[in-house]
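Undergrad: here is a sequence with its predicted model. Questions after.
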Amino acid sequence: MPTFDYAPAPESPSIVDIQPSYGLFIGGEMVDPIDGARFKTVNPATEEVLSEVVAAGPEDVDRAVAAARAAYDGAWSRLSGRDRSKYLYRLARIVQERSRELAVLESIDNGKPIRESRDVDVPLVAAHFFYYAGWADKLDYAGFGPDPRPLGVAAQVIPWNFPLLMLAWKIAPALACGNTVVLKPAETTPLTALAFADICRQADLPPGVVNIVTGAGETGRTLVEHPGVDKVAFTGSTEVGRQIARSMAGTRKKLTLELGGKAANVVFDDAPLDQAVEGIVNGIFFNQGHVCCAGSRLLVQESVADELLARLKRRLTTLRLGDPLDKNTDIGAINSAEQLDKIRMLSKIGETEGAERWSPPCELPERGFWFPPTVFTGVSQSHRIAREEIFGPVLSVLTFRTPTEAIEKANNTPYGLSAGVWTEKGSRILWMAQRLRAGVVWANTFNRFDPTSPFGGYKESGYGREGGRHGLEAYLDV
Ligand code: NAD
Ligand code: MG
């Protein structure tokens, strides 16, 4: 139970204007579909229908790719980097100006707490556009030789966990490098991408430079397999990533994949335990655990395991679960019924396989998709909850005795996206970072994102980097 109750402090949804139905953003306009049907999108916290969007069909996708091609040949690839950067700065500033609206819309569509969409997602979206605006006129100095060329038309498919932020990660570097894009948001979270379409119009971006086609997996497949596409960037499940890689083989398309993870968050006995507890909470309960780089496996040194777990459980009893628009909410709704089923199924398997399940006392709202913060102790490396990505607010706890054992266990995964290390010793941080097979290693912190820092995986977590100077390479012909 929370130590004391707060009065409700909901952010008003009146700032957003959700239309009853949307078209597709193609060639700078919202257009009706040619062969696409419409489907409903719901608020995961209430199950209320928010709007109807298009599941774009092959002809719609074809039209979007043609618009992107025309914009590439006609305007965008001929603009100077300096002019491209002006557009990117404009997009960044409009995102800032409309930040409250975007944050509320993201929370309504995705279920994430307003505190996170307001303080993390949307500011990072603006930061990404600002950062890549700065590169657009400096590509000659980015380390890829003089006058590096764009690739052409980029097909970009993104997931539902950070809808607008993943859009920014994809669109900002692509445009900075001189490419045009067709982006497909996830089927459960199309609304902020459609709001971004409006921002593109507001910024007077040349028509066709950014095209947004909504739809589900079939639309995504049609888009990435379209012969008119030069580059494919995908973030989502390893399963779909593998399928895309297979279909790209033997084509001239360039591909980057950002897939799943099962990160180890490693706590040594000399770590400041209260800080580590905050890092563990941020690592796995941020965004309901719908985070590819989530610290879903806690590896704690045996000598401090009992103490750390006691403090962690105490801390978890203070988390507030509920209305995503309430400013005091820590844990929002699970994004979809389908994802909730997956989290329930894997948690059930955790119990069946013999791990001990614990959640704080926590009342779940009656409507909507909810799952309480959950901790599994007594987890062994062979358990499915220690190996598979749950993508929910579920932590698996394992213990270790020596640094070598910590490395062995941390690396014992098909994934390799991120890892965390908690210790007072700088030398141990460096020793661990050299041995952890993960694209990002956080030391005494977790889930820190910065547009200047490259992000990406090893092994089944994918290939290619997003963010930083490295992120330019994915959109240049180098
Ligand atoms: P998904 O991979 O099916 O969906 C991600 C995006 O790909 C969506 O936009 C979807 O419409 C699109 N897509 C689906 N099939 C496609 C295809 N054949 N070709 C092209 N695009 C396609 O992910 P999901 O079904 O929403 O979630 C399943 C699991 O994936 C989750 O439980 C989680 O473990 C993992 N996941 C990882 C991330 C990540 O950031 N790495 C994000 C979302 C989900
Ligand atoms: Mg899927």
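TA: Noted; the coordinates are in hand. Ligands and ions are numbered 1, 2, ... in the order given.
Undergrad: so in that sheet, which strands flank the worst-scoring helix or strand of the chain on mean pLDDT, and in what orientation?
TA: Evaluated with mean pLDDT, DSSP states H and E, the helix-and-strand set of the chain has its lowest mean pLDDT in strand 462-463, which scores a mean of 92. Strand 462-463 pairs in its sheet with strand 254-258 (antiparallel), by DSSP bridges.
Undergrad: which is the next helix or strand following the partner strand?
TA: Downstream of strand 254-258, the first helix or strand assigned by DSSP states H and E is strand 264-267.
Undergrad: what are the contacting residues of the very next helix or strand once past that next one?
TA: Going down the chain from strand 264-267, the next helix or strand is helix 273-285, by DSSP H and E. By CB atoms under 8 Å, 6 or more residues apart in numbering, the residues outside helix 273-285 that reach it are 263, 265, 267, 294-296, 298, 304, 307-308, 311-312, 315-316, 319, 330-331, 373, 393-395, 420, 422, 444-447. Backbone N, C-alpha and C define where each C-beta goes, glycine included.
Undergrad: okay, strands next: where are they in the stretch 251-400 of the chain?
TA: For the stretch 251-400 of the chain, the strands identified by DSSP state E, counting those that start in this stretch occupy 254-258, 264-267, 297-301, 356-358, 374-377, 394-400, in order along the chain.
Undergrad: now the residue nearest to residue 396 when sequence neighbours are not counted: how far from residue 116?
TA: Leaving aside its sequence neighbours, residue 396 sits nearest to residue 379 (CB to CB, 6 or more residues apart in numbering; 4.4 Å). Distance of residue 379 to residue 116, computed by CB to CB, to the nearest Å: 27 Å.
Undergrad: how about the residue of the stretch 51-200 of the chain found nearest ligand 1: what's its closest non-neighbour residue?
TA: Scanning the stretch 51-200 of the chain for proximity to ligand 1 using CB to the nearest ligand atom identifies residue 159 as nearest, at 3.2 Å. The shortest distance from residue 159 to any non-neighbouring residue, by CB to CB, 6+ apart, is to residue 236 (4.6 Å).
Undergrad: contact partners for that neighbour?
TA: Taking CB under 8 Å, 6+ apart as the test, what residue 236 contacts is 157-159, 186, 259.
Undergrad: enumerate the residues of the stretch 101-250 of the chain near ligand 1.
TA: Counting by CB under 6 Å from any ligand atom, the stretch 101-250 of the chain comes close to ligand 1 at 157-161, 184, 186-187, 216-217, 220-221, 224, 235-237, 240, 243-244.
Undergrad: one more time with 8 Å
TA: On the criterion CB under 8 Å from any ligand atom, ligand 1 has as its neighbours in the stretch 101-250 of the chain the residues 157-162, 166, 184-188, 215-221, 223-225, 234-241, 243-244.
Undergrad: again with the stretch 301-450 of the chain
TA: 336, 338-339, 342, 388-392, 417.
Undergrad: which residue, other than its chain neighbours, is closest to whatever residue of the chain ends up closest to ligand 1?
TA: Distances from the chain to ligand 1, computed as CB to the nearest ligand atom, single out residue 220 as the nearest residue at 2.4 Å. In space, and not counting its chain neighbours, residue 220 is closest to residue 157: 4.5 Å by CB to CB, 6+ apart.
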